[in-house]
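Trainee: turn this into a structure:
(chains A and B)
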Amino acid sequence: EDQVTQSPEALRLQEGESSSLNCSYTVSGLRGLFWYRQDPGKGPEFLFTLYSAGEEKEKERLKATLTKKESFLHITAPKPEDSATYLCAVQAGRAGGTSYGKLTFGQGTILTVHP
Amino acid sequence: DAGITQSPRHKVTETGTPVTLRCHQTENHRYMYWYRQDPGHGLRLIHYSYGVKDTDKGEVSDGYSVSRSKTEDFLLTLESATSSQTSVYFCASESSRPGANVLTFGAGSRLTVL
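Mentor: Numbering: from 1, shown residues only, chains lettered A, B, ... in the order given. Predicted coordinates:
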């Protein structure tokens, strides 16, 4: 059974205080690992997809990295507008396979950035 | 971004009544999904569709049925709602283009079953 565990459950930072969120996973063949951001009362919004160990992707103050067992979402010099719940999800299968978007999600990390 | 709209956004109903949630997308995406989100459980897949009239069960499908008569519409039905189905329901769609396997989510439908 595919499993995703995110830590910490909640993280409070001061503006400008860099940190990392962790996503540990077990999956029967990783087709992709996804990071989403979710604001209160809204649906998840796509941030990154990582496909293989060693891959990194960046977007503004966010950087996602991937190893064979976990992924990190690094937040550099965060601002209050970065406050949200960050969700990690894995898609099992192989490239070109038919697992579609059957994602297994972690429970999320609630990030609060204080000014 | 795909245009995905869900209706209703909020609904309160009583145990035993039928409920239908609607999802409409305007991007001609082939794949569509229904997830529920509950504290302590994260997002869990209920049902999904890989084409018109082609659907299959997800992780938590008991008590739910779906239908997809047109590419753009995906309906989730609770035949007889129970309190355990109180949740926030999210619809998502995905393009079938290679390399575009990213789910785009709707804003959610909050269902309360009394």
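
Trainee: how about the residues of chain B by chain A?
Mentor: Applying CB under 8 Å from any CB of the partner chain, one finds that chain B approaches chain A through B:4, B:31, B:33, B:40-45, B:48, B:50, B:58, B:90, B:92, B:94, B:101-108. For the C-beta atoms, the positions are set from N, CA and C on the backbone; glycine is no exception.

Trainee: in its sheet, what does the strand ranked longest in chain B sit against?
Mentor: The longest strand of chain B (DSSP state E) is strand B:42-51. Within its sheet, strand B:42-51 is paired with strand B:31-38 (antiparallel), strand B:54-57 (antiparallel), according to DSSP bridges.

Trainee: restricting to C-alpha, output that strand in PDB.
Mentor: Taking C-alpha atoms only, strand B:42-51 is exported to PDB below (Å, rounded to 0.1, in the frame of the first residue of the first chain):
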ATOM      1  CA  GLY B  42      -5.900  14.100   4.000                       C
ATOM      2  CA  LEU B  43      -7.400  13.800   0.500                       C
ATOM      3  CA  ARG B  44      -8.700  10.300  -0.400                       C
ATOM      4  CA  LEU B  45      -9.900   9.200  -3.800                       C
ATOM      5  CA  ILE B  46     -13.500   8.200  -4.100                       C
ATOM      6  CA  HIS B  47     -14.100   7.500  -7.800                       C
ATOM      7  CA  TYR B  48     -12.400   8.400 -11.000                       C
ATOM      8  CA  SER B  49     -13.300   8.500 -14.700                       C
ATOM      9  CA  TYR B  50     -11.000   7.800 -17.600                       C
ATOM     10  CA  GLY B  51     -13.500   8.800 -20.300                       C
END
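
Trainee: so, low pLDDT: which residues of chain A?
Mentor: Along chain A, segments meeting pLDDT under 70 span A:94-101.

Trainee: give the contact list for residue 33.
Mentor: All of this refers to chain A. A:23, A:25, A:49-51, A:66, A:71, A:88-91 (CB atoms under 8 Å, 6 or more residues apart in numbering or on different chains).

Trainee: ah, no, chain B please
Mentor: The contact partners of residue B:33, by CB under 8 Å, 6+ apart, come to A:101-102, B:45, B:47-49, B:58, B:91-94, B:103.

Trainee: equivalent analysis for residue A:19, please.
Mentor: Counting by CB under 8 Å, 6+ apart, residue A:19 makes contact with A:11, A:13, A:74-75, A:78.

Trainee: related to what we said a few turns ago, nearest to residue A:57, of the contacts of residue A:33?
Mentor: Comparing the contacts of residue A:33 against residue A:57 with CB to CB places residue A:50 closest, at 6.4 Å.

Trainee: that closest one: neighbour count?
Mentor: 20 (other CB atoms under 10 Å in any protein chain shown).

Trainee: can you tell me the closest non-neighbouring residue to it?
Mentor: Among residues not flanking residue A:50 along the chain, residue A:66 sits closest, at 4.0 Å (CB to CB, 6 or more residues apart in numbering or on different chains).

Trainee: go on, residue B:93?
Mentor: Nearest residue to residue B:93 in three dimensions, chain neighbours excluded: residue B:29, at 3.9 Å (CB to CB, 6+ apart).

Trainee: quick one: that neighbour and residue A:29, what's the gap?
Mentor: Distance of residue B:29 to residue A:29, computed by CB to CB, to the nearest Å: 24 Å.

Trainee: pick out whichever of these two has more residues nearby.
Mentor: Remark: of residue B:29 and residue A:29, residue B:29 carries more neighbours, 21 against 13, as counted by other CB under 10 Å.
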